[in-house]
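# predicted model follows, preceded by the sequence.
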Amino acid sequence: MTSGIEGAHQVREYLTIYFNGEAYRVPKGLTIMKALEYAGFRFTRGAGCRGGFCGACPVVYRLPGDYKIRVGLACQTAVVDGMYISLVPYVPLVEYVPKRGELRPDPGYVLKLYPEISRCVSCNACSKACPQGLSPMDAIQAILRGDLKKAAELTFDCISCGLCSLRCPAEIRHPPVFRLVGRVVGLYYTPRSKSLEERVREIESGKYGKVFEKLLSTPTSEVRRVYEEFLKTGRLPQSLEVG
Amino acid sequence: MSGYPPELRKAIEVVEETRRERLRAPPPRRLTLDERESIVRAWHPDYKPELKRALGVGPCKGMVMYSTIADLLESWPLVRPGEVDLDHVDYDVDVLIVGSGGAGLAAAWWAVEEGVDPTGILIATKLRLGDSNTVKYQSGTQAATGPDDSPVIHYLDTLAGAHFTNNPRLVRVLAEEAPLVIKWLEGLGVRWSRVGEDLERLSGGGASRPRLHCCGDYTGLEVMRVLKDEVRALGIPVLEFHSAIELLTDPETGAVSGAVLLNLDTGEYRVVRSKVTVLATGGIGRLHIAGFPTTNHYGATGDGLVLAYRVGAGLVDLDTLQYHPTGVAWPEAILGELIPEKTRSIGGQLVNTKGQRFVYELEPRDVVASAIIRECTEGRGIITPTGTCGVWLDTPVIDMLKGSGTIRRELPALYRMFLRHGIDITVEPILTYPTLHYQNGGVLIDEWTHVLRPSGEPLGGLLAAGEVTGGIHGKNRLVGNSTADIFVFGRRAGIEVSRLVKRLPKPRVSLKHLESFTEELKLLGVPESRRAPILLPDYRGEAVLRRVIKL
Ligand SMILES: Cc1cc2nc3c(=O)[nH]c(=O)nc-3n(C[C@H](O)[C@H](O)[C@H](O)COP(=O)(O)OP(=O)(O)OC[C@H]3O[C@@H](n4cnc5c(N)ncnc54)[C@H](O)[C@@H]3O)c2cc1C
């Protein structure tokens, strides 16, 4: 009894969706991406991780009886009867990628590369568009206040789909701005782990080498026994302890 | 309002009624190694002989593996000798890196770090830069960085998790160098989750010490954000939407000397000549082996296995696959997507129709998956409206155990994914069933990532790192070990590249290796319509496929 693959199950109900103006009958309960595939489309662009992590599949849609344009991810949004769909596989945002060593831990640096962020009018259209439920507006405001850490925290879950930028009246390029802020904060505002440093030093000094050599020449049955013992006592035998 | 239909709402009542009791009771007992083995033998798909067969062609002829993989390897190439103009080389480079997940990008970064000229590198990747399994990873990366832990314990856990089927030499490299790559990534600004100033370390199935390093619920997203940025900043050329469809070989030595790429937008081919090629093409989930849904990204079609095998690579452990114990079983829209192991490591409980826990949730993955399959097969699972089966993963207990707000803080991606379908996992449990997750085995490599012939002799010109390779995880991988693998061995591939490019002359390119291979296919009577690599799965509905005319 296995869970079968996409679309292979008993279909109970169908509904109609409109893609680029054309009507298609598709099973109820699918995502926009799976529904379009069911209808006969094969994607090269506009599909990536298919799990809501990569931002490759922004979609613009409208529901019946409603004039509002809504946005989402094609791999995460379930189809609704009468839905009108258009895909946005690519948002052509100009990005500046600083060369190595060029990054500066300074809000002014972000502002210099992306001056348009100062034009933010706090309309919050970006937040309404965000399929992750983030608030890009608050992040932009944090940058303008000079609080890069806050901005990085608010946008940690950003998947760079670009929908916010499509909605922004100030033409802010949010995804590259947030990536830049994330890098700056990761490089300059994040503590380094002491225990990690210590472990790396041990490894580089060859501390574990002898024990590994010994283990590699021990028969599997014996290694297995050692491990069973270890699970019981929580301790390795003395012969395997490192100095 | 609940996103569950009434029949599932009804079934949830048992979970709710038993919740308090389960909170008080001790967890199910951990199994002994013998017990682990017997449950796996009884229920795991890896032990179903009807899913396997012996491979009929090539250097590993006779090796038993999943039939779907054997079919893939016994496929006709997309190009034949003479069909492409090899006199015209489009990209003449030192290093070709195929794939831009964690392994590929680590290799690229380290090659430059070790002195390779970035403009002499070419990264060719199927979809966009970074579209991969790596971007999806959540639970974290294993590395023995804690004071109570040691690479030796990591080594032993890894061997035991795979029932001692791995190559111990590769495991040693994995365990000993995993802390180094955590440090490397920290140095690049990857924001590993922290407790105070120190790294946070989470428990994972089969690991006897907490050693999972994550970046909130978006670990892969954060690591790839940094690595993509680094690769661009270093000025390494990238070809997106270009898939490798065949490797090229030196007609005399048989060493790999480049690849034929296919531009997925225009359908044109491109010829790459390279001194060294690094295969970092990842896994195989989109083949939906044994009918399972998958957690994998859209391009995970096992291309690297096909490419490497045709030039003579050895293969290992392709008779096993990892079915992640907790895939989404409902709603249908997100069927097969991952419910990360963290959901269990922070307290989520697996519960059957009777409201009972039936396995210690942090056993190795094959054990937990087997237990879930057992519950469903023996009638203690929940049948969904589309006829599939699953068990409950009780998530509301997490907030009861760890304080309200824990789920939203620790599992924001999962919370969002279900909320989009009307299910609030802080209030209602999740329906789960195993999903095809990871290719345990793969291409045979040595400690410096040289691809080996079955004899153990290096092929020459070809390195491989990441999920495409085998040996490190034996017949079962532990959580967090794959990403330790891709960064450790990706790094080693990059370092090895820097040694090789200095030594190797410009090679000659040919498709000569296909001559004997296609001869074998003909002898075996493989239909010419079976071609590989597949590149992307075909999900068009049956009604459409019945009427499609292939141009
Ligand atoms: C949802 C999910 C969650 C996971 N969670 C964890 C976890 O918490 N911890 C852990 O350790 N592991 C986890 N794993 C496993 C781990 O993420 C992967 O095994 C690992 O990221 C693989 O890295 P890779 O670089 O080898 O392959 P990938 O990251 O998959 O990259 C492969 C690359 O090769 C490209 N490619 C493929 N074929 C071709 C071709 N023919 N030509 C050109 N390019 C090609 C792809 O497009 C892609 O860019 C998870 C996996 C998934 C799917």
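Received the coordinates, thanks.
# hey, let's count contacts and neighbours off CA atoms from now on
OK.
# where does chain B have its least confident helix or strand?
Lowest by mean pLDDT, DSSP states H and E among the helices and strands of chain B is helix B:342-345, with a mean of 90.
# touching the ligand at all, that one?
No: Helix B:342-345 lies out of reach of the ligand by CA under 6 Å from any ligand atom, never closer than 8.4 Å.
# using CSV, write out the CA atom coordinates for that helix.
C-alpha atoms of helix B:342-345 as CSV (Å, rounded to 0.1, in the frame of the first residue of the first chain):
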residue,chain,number,x,y,z
LYS,B,342,13.0,18.2,13.1
THR,B,343,9.3,17.8,13.5
ARG,B,344,10.1,14.6,15.3
SER,B,345,13.3,15.7,17.0
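# who's in contact with it?
Under the criterion CA atoms under 8 Å, 6 or more residues apart in numbering or on different chains, residues B:139, B:202-205, B:361-362, B:395, B:411 lie in contact with helix B:342-345.
# okay, now the unreliable bits of chain A?
A:1-11, A:243 (pLDDT under 70).
# which single residue of it ends up nearest the ligand?
With CA to the nearest ligand atom, the shortest gap between chain A and the ligand falls at A:Gly51, namely 7.5 Å.
# if we look at the ligand, which of the contacts of helix B:342-345 are close to it?
When contact is defined as CA under 6 Å from any ligand atom, the contacts of helix B:342-345 meet the ligand at B:Ser139.
# could you dump the contacts of helix B:342-345 to a markdown table with neighbour count and pLDDT?
Shown next, in a markdown table, are the contacts of helix B:342-345 (neighbours: other CA atoms under 10 Å in any protein chain shown; pLDDT from 0 to 100):
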| residue | neighbour count | pLDDT |
| --- | --- | --- |
| B:Ser139 | 27 | 91 |
| B:Leu202 | 19 | 90 |
| B:Ser203 | 22 | 88 |
| B:Gly204 | 28 | 86 |
| B:Gly205 | 24 | 83 |
| B:Glu361 | 28 | 94 |
| B:Leu362 | 20 | 89 |
| B:Thr395 | 23 | 97 |
| B:Leu411 | 22 | 92 |
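# in a markdown table, list the contacts of helix B:342-345 along with secondary structure.
Formatted as a markdown table, the contacts of helix B:342-345 follow (DSSP: H, G, I helix; E, B strand; the rest coil):
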| residue | secondary structure |
| --- | --- |
| B:Ser139 | coil |
| B:Leu202 | strand |
| B:Ser203 | coil |
| B:Gly204 | coil |
| B:Gly205 | coil |
| B:Glu361 | coil |
| B:Leu362 | coil |
| B:Thr395 | coil |
| B:Leu411 | coil |
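# what's the closest of the contacts of helix B:342-345 to the ligand?
The nearest one, if we look at the contacts of helix B:342-345 relative to the ligand and count by CA to the nearest ligand atom, is B:Ser139, at 3.4 Å.
# now residue 210: which helix or strand?
The chain I'm using is chain A. For A:Lys210, the element it lies in under DSSP states H and E is helix A:209-216.
# how does chain A divide into domains?
Chain A breaks down by automatic domain parsing into domains covering A:11-87, A:100-188, A:197-240.
# and the strands in chain A?
A:14-19, A:22-27, A:58-62, A:70-73, A:83-87 (DSSP state E).
# residue ranges of the helices in chain A, please?
Ranges of helices within chain A are A:32-38, A:107-113, A:125-129, A:136-145, A:148-154, A:163-167, A:174-188, A:194-204, A:209-216, A:220-233, based on DSSP state H.
# go through these and pick out the most buried.
The highest average neighbour count among the helices of chain A, using mean count of other CA atoms under 10 Å in any protein chain shown, belongs to helix A:32-38 at a mean of 26.
# so is it next to chain B?
Yes: judged by CA under 8 Å from any CA of the partner chain, helix A:32-38 and chain B are in contact via A:34, A:37-38.
# counting by contacts, list what that helix packs against.
Helices and strands touching helix A:32-38, by 3 or more CA pairs under 8 Å, 6 or more residues apart in numbering or on different chains; DSSP states H and E, are strand A:22-27.
# can you say which helix or strand has the residue lying closest to B:Gly474 once chain neighbours are set aside in it?
Counting by CA to CA, 6 or more residues apart in numbering or on different chains, B:Gly474 lies nearest to B:Asn166, which is 3.7 Å off, once chain neighbours are set aside. B:Asn166 belongs to no helix or strand when assigned by DSSP H and E.
# quick check: residues of the stretch 451-551 of chain B near the ligand?
B:466-468, B:479-484, B:486.
# among the residues you listed, find the lowest-pLDDT one for me.
Least confident of these in the model: B:Val479, at 90.
# A strand includes B:Gly312, no?
No: in this structure, B:Gly312 is coil, not part of a strand, as judged by three-state DSSP.
# would you mind measuring from it to B:Lys354?
Distance of B:Gly312 to B:Lys354, given as CA to CA, to the nearest Å: 52 Å.
# okay, those two: which has more neighbours?
B:Gly312 (22 against 12; other CA atoms under 10 Å in any protein chain shown).
# my guess is the more buried one contacts B:Arg453, does it?
Yes: counting by CA atoms under 8 Å, B:Gly312 does reach B:Arg453; the two are 6.0 Å apart.
# give me the common contacts of these two.
With CA under 8 Å, 6+ apart as the test, B:Gly312 and B:Arg453 both reach B:59, B:459.
# thinking again about what came up before, can you lay out the strands of chain A as TSV showing distance to B:Arg128 and mean neighbour count?
As requested, the strands of chain A are arranged in TSV below (distance: least, CA to CA, whole Å; neighbours: other CA atoms under 10 Å in any protein chain shown):
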stretch	distance to B:Arg128	mean neighbour count
strand A:14-19	24	18
strand A:22-27	28	17
strand A:58-62	14	20
strand A:70-73	17	22
strand A:83-87	17	20
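# make TSV from the ones you listed and add distance to B:Ile445 to it.
Below are those laid out as TSV (distance: least, CA to CA, whole Å):
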stretch	distance to B:Ile445
strand A:14-19	47
strand A:22-27	45
strand A:58-62	39
strand A:70-73	39
strand A:83-87	42
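# which residues sit in contact with residue 180?
By default, I'm working from chain A. Counted by CA under 8 Å, 6+ apart, A:Leu180 has contacts A:Val110.
# you looked at the wrong chain, it should be chain B
So B:Leu180 contacts A:Val200 (CA under 8 Å, 6+ apart).
# state whether it is indeed within a strand.
No: using three-state DSSP, the assignment for B:Leu180 is helix, not a strand.
# tell me the pLDDT at it?
On pLDDT, B:Leu180 comes in at 98.
# okay, the helices of chain A in a markdown table with distance to B:Pro6 next?
Shown next, in a markdown table, are the helices of chain A (distance: least, CA to CA, whole Å):
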| stretch | distance to B:Pro6 |
| --- | --- |
| helix A:32-38 | 24 |
| helix A:107-113 | 52 |
| helix A:125-129 | 31 |
| helix A:136-145 | 37 |
| helix A:148-154 | 37 |
| helix A:163-167 | 35 |
| helix A:174-188 | 41 |
| helix A:194-204 | 51 |
| helix A:209-216 | 56 |
| helix A:220-233 | 45 |
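# picking up where we left off before, pipe the domains of chain A into JSON lines and attach distance to B:Asp46 per row.
JSON lines is the format used below for the domains of chain A (distance: least, CA to CA, whole Å):
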{"stretch": "domain A:11-87", "distance to B:Asp46": "26"}
{"stretch": "domain A:100-188", "distance to B:Asp46": "35"}
{"stretch": "domain A:197-240", "distance to B:Asp46": "22"}
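# separation between B:Pro151 and the ligand?
Computed as CA to the nearest ligand atom, to the nearest Å, the B:Pro151 to the ligand distance reads 16 Å.
# so who does that residue touch?
Taking CA under 8 Å, 6+ apart, one finds A:208, B:143-144, B:175-176 in contact with B:Pro151.
# quick one: the helices in the stretch 51-200 of chain B?
B:67-73, B:102-113, B:151-161, B:168-187 (DSSP state H, counting those that start in this stretch).
# I'd say B:Tyr438 and B:Arg286 touch.
No: here B:Tyr438 does not reach B:Arg286: they are 10.4 Å apart, not a contact under CA under 8 Å.
# picking that back up, nearest to B:Val93, out of the helices of chain A?
helix A:174-188 (29.8 Å; CA to CA).
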